[in-house]
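S.K.: Fold the following and give me the result.
(chains A and B)
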Amino acid sequence: MKIEKHKKVTSTNILAKEKKHEPWLVIWAEEQTAGHGRKKDFWFSPKGGLYFSIILPKSTLEDIQILTILASFVVAKVIKENFDLEPFIKLPNDVYINQKKVAGILTEAVVGSEVRFSIMGIGLNTNINSFPERLENTATSLKMELGKEVDNRTIINQIVGELKTQLKIISE
Amino acid sequence: MKERKFKLNIRDKEYEVEIKPEGKDLVKIRVAGEEFDFRKASRQKQNLPLAKASLPKKSFSEKKIIAPISGTVSEIFVAEGEQIEKDKKVILLSAMKMENEIVADFKGRVRKIRVEKEQNVKEGEVLITME
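M.R.: Prediction:
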């Protein structure tokens, strides 16, 4: 698994889109200054959280949509299997714990007559101590739910590894 | 008639044309690698179908950018009349919470933008026509 780690970036999705096509290359940042979801919705990305983008292998738009749903499932699965928590998947791209958002996925594709490039950005609130007031009621983190820190590197390895495994299973 | 070779520029596309007389009644014309035979009609009834003797139709028709998937038009990055280069981002189409940057596969002038911001479109629907 090839992971490119950065301390601070605008957004891992922006960075990934500037890369050459290298399937499964992971761009990981400790902090994002312009982390965003759809329609440029701000994604709170301070140090402590887990923010990364994966350059996806060449596929059709339909398969990429399935991959997004698959990623929600994988994030929830990794949370459930590692910690004593009950994640809830809000299809197609968000994961909640106790009615609060803990992870979001933004998949982006560049399409001409066929898909030229696609990436998947995942933001997971891992070791975030608190959220700004406007997010307090809608967002949570693993640390806030568990009362202890989690290991970001273990989680990123598990998510990307599991995503590859699941993709292999559904392709067979 | 002498053998001739020249280049023809039609709508920014260059075609290599080669005219080669073969004997008295036959002229071979090669356009962009494809060869066509022309004979004197009065002596030879065997005319070629018209379509076969014309240049590829595709090059002359209006170019279209279509929706690759059903979704909502989130952003439009070009204006009617604008000259755009190949690979230019033209529309952002959101589908299933996924953002798709639609890019032009060819350069040209934007003739008509057939959709509006926030409009829902179906797969295969024409978004933009170009010339």
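S.K.: Going by C-alpha atoms from here, please, whenever you check contacts or count neighbours.
M.R.: Will do.
S.K.: counting contacts, what elements does the one helix or strand A:His6 maps to pack onto?
M.R.: A:His6 is located in strand A:3-9, with elements delineated by DSSP states H and E. Applying 3 or more C-alpha pairs under 8 Å, 6 or more residues apart in numbering or on different chains; DSSP states H and E, we find strand A:3-9 packed against strand A:26-32.
S.K.: Could you list the residues in contact with whichever helix or strand comes after the strand it packs on?
M.R.: Following strand A:26-32 in sequence order, the next helix or strand is strand A:50-55 (DSSP H and E). Under the criterion C-alpha atoms under 8 Å, 6 or more residues apart in numbering or on different chains, residues A:12-13, A:16, A:21-32, A:45, A:117-126, A:152, A:156 lie in contact with strand A:50-55.
S.K.: Pull out the buried members of the residues you listed.
M.R.: Buried members of these, counted by 16 or more other C-alpha atoms under 10 Å in any protein chain shown: A:12-13, A:16, A:21, A:24-32, A:45, A:117-126, A:152, A:156.
S.K.: Adjacent strands (with direction) for the strand holding A:His6?
M.R.: According to DSSP bridges, strand A:3-9 forms sheet pairs with strand A:26-32 (parallel).
S.K.: starting at the chain centroid, how far to the partner strand?
M.R.: Mean C-alpha position of strand A:26-32 versus that of the full chain (C-alpha atoms, centre = their mean, to the nearest Å) differs by 10 Å.
S.K.: same question, stretch A:117-129
M.R.: Centroid separation for stretch A:117-129 versus its chain: 3 Å, with C-alpha atoms, centre = their mean.
S.K.: so, in contact with chain B or not, it?
M.R.: No. Judged by C-alpha under 8 Å from any C-alpha of the partner chain, stretch A:117-129 and chain B are separated, with a smallest distance of 8.8 Å.
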